[in-house]
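Trainee: predicted model and sequence below, questions to follow.
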Amino acid sequence: MNGFRYRIYQFMQGRRGVDQYGRFLLLVAMTFLIVSMFTLENLFYYLGLMIFIYAYYRIFSRNLYMRERENTWYLTQKFRLTKGKSFRQKQYEWRYYAYFKCPGCRQKMRAPRGKGTIKIKCHSCNTEFQKKV
């Protein structure tokens, strides 16, 4: 078994392997392939197969610079969509914090829920206002 592991290790030298974008592509490919089993359309099957082949091409590619650029692009897009927070973090914040905007400058602010009516001073424009949280 150690000989096989060593050969795999040697084969993967200088290759990127599976990164976040690769995992995403594999998940999308598997989703398309599963959807193709329940529909009569061959489009989902071929699209899933093409994405699957591209994902494995990325995994075994030796062009590290391009694979790193693609992964960085994917992570940037993911960060823009999620604003850097996971769903669990957002769920926690929605439960324990109230969000509102300053009437003067429209700055987004938050305050802990359950404090009743509180007086708030905006850090940007120094406007004071009251809110029930």
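Mentor: Yep, it's here.
Trainee: contacts and neighbour counts: CA atoms only from here.
Mentor: OK.
Trainee: and the residue nearest the centre of the chain, how far is that from T39?
Mentor: For the chain, the residue nearest the mean C-alpha position is K78 (3.8 Å; Cα atoms, centre = their mean). With distances taken as Cα to Cα, to the nearest Å, K78 is found 29 Å from T39.
Trainee: just D19 next, same as before
Mentor: The value you get for D19 to T39, if Cα to Cα is used, is 30 Å.
Trainee: one more: G22?
Mentor: As judged by Cα to Cα, G22 and T39 stand 26 Å apart.
Trainee: compare those two (neighbour count), which wins?
Mentor: For the pair G22 and T39, the greater number of neighbours falls to G22 (23 against 11), based on other Cα atoms under 10 Å.
Trainee: hang on, R15 packs against Y65?
Mentor: No. In this structure, R15 is not within contact of Y65 by Cα atoms under 8 Å, at 10.7 Å.
Trainee: which of those two has more neighbours?
Mentor: R15 (15 against 9).
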